[in-house]
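>>> can't give you the sequence, but here's the structure:
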């Protein structure tokens, strides 16, 4: 038994380190040698092959027997449909119409790929590619849908029919499915032996062949099967089966040749033995004759070139098959060959052509395959194939990415060799980048999505430009999802994530909303002329302010932004309202538990109080806040009135509140309320109950709510019900109205009548037809309403009878000012005084009479009438119609609107400041005081400024202008004081130190002393002059500060030291972090040499003497630490190591034989790759990989 030496880790380490000391004496050496492992123990040999050659042969056979040639699961077959059998024969619509739709449907249905081409004989060639099952299914669909249907019969003995049908009809069904035909077999009680077959011509032949085979199998006569290659079958059958029919007639035997669509080589002959033998001989004779003139050949072609040989839609192949139609070309995917069958001569020509094509493509084309994880395939393809199409077009290659269901990692690139390599490189880079990608979800409320994206995607485009490597996907709005997905490189995704979080936080902060109720009539003042006021508030508070539309009944102004900014904007808006009207604000203390009952359902109760008290605004605190204070804002009298009603209602609620509801037609509501609320006020005063009518927003327009104590509600309800019952009592009455007044009532589409109907419970008023001269007017409606309407009409008639017309003369140039914007002022006067006002037409400035009495030809000169010079111009006369006292009051109101002009003396040198930048200053004053301010042109050098406007506005405007003049004069004096200037002489070498890093030092001096400091330009003559401008004390203080800084700089010294350039980068550190730390610690300035400097080791240290010495010592210590000689041991305590013997074994081949032990130091036994590179000493120690 041989001993085995175990090589332990400790022993191995001892050998490697050379620490195992040699033992003196033979015994020691022998012991050491025995302890060494043998060569075979350390390196055991591999098991040898069996010695027996037979065994070897068996092994080889066993391997070879298991090997099977692998074939691709994808095949390509070509089917031909002759012209006479084509179902769709319209040559003008090839590739279009029904035939193309059928092909697309077949591809979708079977999964096979179809390519159509038309032969010279107008026959249809269809190339089908795909898996075998898919190709066979497609073939069945093609013959059934693209070929015409025919029918035929085949006669076999009656007793053979059951074999065709099979068990439970299975064989017949299988035969119909395989041949795509319909087979009808006569019933057993039918004596006929004819089997009828319907389908395509190809299917008929196939089915007939299969039926005859079944019959032949059952025939008792002789059966002979001859296997002949499929290519020779057409020669045996002959044209239109003529030859095979002749053989059958001559021999009397039945010959069954499989049709072209059946992939069988066996020909079956049945009949008498002599007849069968004769037929077999004749068939073999035909085969031998044709075999000598027909051949099969193969062309070597890489499988990846097959599709380029076939060409787009089979164009290249179609050219060859059209020229040589007898040659059959077969491609099998996965095999590097093409099979050709046909007449020898034609086949040789086709072979030469295909070989030339293969050689040309081989020289021009190349391919490669890369492996990419399938999960990245869709990203390589890109949205809508954008990425892969770009790579294809850029590098002129084709890229095949396997479909998802294959789960394959291989991507194939084919095309120009250079393009293939470039595309491969780009795809690998994309894949590598995607492997480093990560996806992160960011939760953002969907309400912010549109704001983040911006109009037309402008804002999100800025984010994408900032992070171009990150893909940001927002969910579809219909999904109602809050998840935004970020995808890209890890670091970029994190940066983008933080940036988006910051954007969302700002949006949340800026999304505070505040509702401010402002009386509708003051909205235009809030907006200001040309939107000046609202624009200013928006800009100065940085908020978004939305006002309701003009046609809206809402008075709420919505302010959005940061909370403090929203509060500031609200304060300014309320201040404008308060300034314009006598608006007061009052706080009422009402227990918070009563707030909801006071507000009522959908705010009905509080809204009724606001409407009844002249539209005051009542603001309740937020629900759940526990605050008792309720704010009322509006005119002083109305606010007090609303306060009393609120307190009374609150008291009722606390004592005992009762509510009742009753219904009345909406047209009765105005009559029940009465003019100015008179009727309903009577009911409330008499009963003490509150009556609330529905608003336009309420769904139930008939519901009236009565609120109060139980007794008060009962009384009010009783009174209202009586009123409603009386309104339901419809009566008809008449009155006389002079026909001259009829026009007034029916004018403007009966506006006056509509107003009467609205006010008096829907009373219908009928006037007689025009031209009848009848005075009878009919009124129909509730009795009380008819009486009230009748009374109102009498009042109108009295006004019309008492109507006078007064002329008011006001110069035409003031008319537009009197009318106001959109005629608002004149409409208010008309409404207030119940008069009609008509302004004259504007005077035509071009309508002057011709000079010197000239008139056009053919016209008679008419002398103009004599005009009284004292009479007013027609264009200046305003006509007012109505009662005399009302017309006189309207005249006074019109004259009060005539603008007047006053003059203010303002020093000419202040005019440009009053006008402001681009006229902003003067526009602001005109908007604020509602006047027109005219400043004389600069050429006139005039001090007089004219102010034109309403008399009550002029005083405010004059005071405002004078106040502005005082401000400007103070500013002028201040500018004069600030313009004090002095200069200081400072050596230019100190300028950078005074300026400081990024201007930090000089900015501090400027800010502390509020002065402007200018340094000389590079090309300035006085490079040592620094200018200081500002208030005199400040300028002097700044000068002293600069002098103190210069004095400190003059005390500094500079020392130059030699510092090994190899450690410069280490001392400077990443982005100068190291050097900044040293400079801050020692309060010195370090200057390292530039690249290309004569002495790269020279470093300059500047600072105070004691600090410079400390900094130099520190730098030299760092140099010594970083540049330690590589020869010195890392630790002085280590003992010297002996020479290493390496790994030693016994009984090695080179010790027992003539072989020599390998010398590991020999460059011949162990050659190095490339020139040896000396290891570079590093202060950080050896590199680790």
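Yes, it's here. The shown structure was predicted, so the numbers you read here are calculated from the model rather than taken from an experiment. Numbers count the residues shown, from 1 in each chain.
>>> mind checking the longest helix of this structure?
helix 951-978 (DSSP state H).
>>> in that one, what counts as buried?
By neighbour count on 16 or more other C-beta atoms under 10 Å, the buried set for helix 951-978 is 953-954, 957-958, 960-961, 964-965, 968, 978. Every C-beta, even on glycine, is put in place using the N, C-alpha and C of the backbone.
>>> Name the residues that touch the helix or strand that contains residue 826?
If you go by DSSP states H and E, residue 826 is part of helix 824-833. By C-beta atoms under 8 Å, 6 or more residues apart in numbering, the surrounding residues in contact with helix 824-833 are 818-820, 835-837, 839, 882, 886-887, 889-890, 893-894, 897.
>>> tell me the pLDDT at residue 1177?
Here, the pLDDT recorded for residue 1177 equals 47.
>>> Oops, could you answer that again for residue 417 instead?
84.
>>> And it, how far from residue 303?
Here the criterion is C-beta to C-beta, to the nearest Å. By it, residue 417 lies 19 Å from residue 303.
>>> ok, now residue 1080?
From residue 1080 over to residue 303 the distance is 71 Å, taken as C-beta to C-beta.
>>> Neighbour count: the two, which is higher?
Neighbours were counted for residue 1080 and for residue 303 using other C-beta atoms under 10 Å; residue 303 has more, 15 against 9.
>>> wait, isn't that one in contact with residue 358?
No - using C-beta atoms under 8 Å, residue 303 is not in contact with residue 358; the gap is 11.6 Å.
>>> Could you give me the buried positions within the helix holding residue 826?
Quick answer for helix 824-833 (16+ other C-beta under 10 Å): 825-826, 829-830, 833.
>>> Show me what the helix or strand that the longest helix of the chain is followed by is packed up against.
Along the chain past helix 951-978, the next helix or strand (assigned with DSSP H and E) turns out to be strand 980-985. Other elements packing on strand 980-985 under the criterion 3 or more C-beta pairs under 8 Å, 6 or more residues apart in numbering; DSSP states H and E are strand 1025-1030, helix 1032-1051.
>>> average pLDDT for the next helix or strand along the chain from strand 980-985?
Next along the chain after strand 980-985, taking DSSP H and E as the criterion, comes helix 991-995. Averaged over helix 991-995, pLDDT sits at 85.
>>> tell me the angle of the next helix or strand after helix 991-995 relative to helix 1032-1051?
Per DSSP H and E, the first helix or strand lying C-terminal to helix 991-995 is helix 1000-1009. If you take axes from the mean of the first three to the mean of the last three C-alpha atoms, to 10 degrees, helix 1000-1009 sits at 150 degrees to helix 1032-1051.
>>> tell me which residues in helix 1000-1009 are buried?
Going by neighbour count (16+ other C-beta under 10 Å), the buried part of helix 1000-1009 is 1001-1002, 1005-1006, 1009.
>>> just for the stretch 601-750 of the chain, where's the confidence low?
When residues are selected by pLDDT under 70, those of the stretch 601-750 of the chain lie in 601-604, 614-615, 623-624, 626, 652-657, 675-676, 697.
>>> quick one: the helices in the stretch 351-500 of the chain?
377-381, 386-395, 417-435, 449-453, 458-466, 490-509 (DSSP state H, counting those that start in this stretch).
>>> Make TSV from these and add mean neighbour count to it.
Formatted as TSV, those follow (neighbours: other C-beta atoms under 10 Å):
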stretch	mean neighbour count
helix 377-381	16
helix 386-395	15
helix 417-435	16
helix 449-453	15
helix 458-466	13
helix 490-509	15
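>>> These: which one's closest to residue 155?
Among those, the nearest to residue 155 by C-beta to C-beta is helix 377-381 (59.6 Å).
>>> helices and strands around that closest one, which ones?
Looks like helix 377-381 contacts helix 386-395, helix 417-435 (3+ C-beta pairs under 8 Å, 6+ apart).
>>> could you check the angle helix 386-395 makes with the last one?
It stands for helix 417-435. Using the same axes, to 10 degrees: helix 417-435 against helix 386-395 is 150 degrees.
>>> Residues contacting helix 417-435, please?
Residues from elsewhere that reach helix 417-435 (C-beta under 8 Å, 6+ apart): 365-368, 370, 372-373, 376, 379-380, 387, 391-392, 394-397, 399, 411, 413-415, 489.
>>> Pull the distance from that helix to the chain's centre.
Chain-centre distance of helix 417-435: 28 Å, with C-alpha atoms, centre = their mean, to the nearest Å.
>>> from here on, count from 148
In the new count, where the first residue is 148, that last one comes out as helix 564-582.
>>> if we can go back for a sec, please work out the average pLDDT along the helix holding residue 973.
Helix 971-980 shows a mean pLDDT of 84.
>>> which element follows it toward the C-terminus?
strand 983-985.
>>> returning to what we had before: quick check: the farthest pair among the buried residues of helix 971-980?
Spanning the widest gap among those are 972 and 980, at 12.7 Å by C-beta to C-beta.
>>> where does the stretch 198-347 of the chain dip in pLDDT?
The model of the stretch 198-347 of the chain has pLDDT under 70 over residues 198-219, 237-243.
>>> which residue ranges form the helices in it?
Using DSSP H, counting those that start in this stretch, the helices of the stretch 198-347 of the chain run over residues 200-213, 244-257, 279-292, 308-312, 317-326.
>>> Packing partners of the third one?
Contact analysis of helix 279-292 by 3+ C-beta pairs under 8 Å, 6+ apart lists strand 221-228, helix 244-257, strand 271-278, strand 341-347, helix 348-365 as its packing neighbours.
>>> Which of the residues in that helix are classified as buried?
281-292.
>>> What of the last one?
Under the neighbour-count criterion of 16+ other C-beta under 10 Å, helix 317-326 has 318-319, 322-323, 326 buried.
>>> Equivalent analysis for stretch 789-798, please.
For stretch 789-798, by 16+ other C-beta under 10 Å, it's 789-790, 792-793, 796-797.
>>> And stretch 484-502, by the same measure?
For stretch 484-502, the neighbour count (16+ other C-beta under 10 Å) marks 485, 487-489, 493-494, 497-498, 500-501 as buried.
>>> Can you verify my assumption that residue 290 contacts residue 350?
Yes - assessed by C-beta under 8 Å, residue 290 is found in contact with residue 350 at 5.9 Å.
>>> which neighbours do these two share?
327, 408.
>>> would you list every one of the strands in the stretch 848-997 of the chain?
850-855, 877-883, 911-913, 923-929, 950-956, 983-985 (DSSP state E, counting those that start in this stretch).
>>> tell me the mean pLDDT over the longest helix of the chain?
Mean pLDDT, helix 1098-1125: 85.
>>> for that helix, packing partners?
With contacts defined as 3+ C-beta pairs under 8 Å, 6+ apart, helix 1098-1125 has these neighbours: strand 1047-1052, helix 1058-1062, helix 1067-1076, strand 1091-1096.
>>> quick one: average confidence on the second one?
Translated: helix 1058-1062. According to the model, helix 1058-1062 has a mean pLDDT of 86.
>>> Pull the residues that contact it.
Residues from elsewhere that reach helix 1058-1062 (C-beta under 8 Å, 6+ apart): 1053, 1068-1069, 1072, 1082-1083, 1085, 1092, 1108, 1111-1112, 1115, 1118.
>>> Could you tell me which residues make contact with the nearest residue to residue 448 once chain neighbours are set aside?
Spatial nearest neighbour of residue 448, chain neighbours left out: residue 505 (4.5 Å); criterion: C-beta to C-beta, 6 or more residues apart in numbering. For residue 505, the contact set (C-beta under 8 Å, 6+ apart) comprises 446-448, 452, 456.
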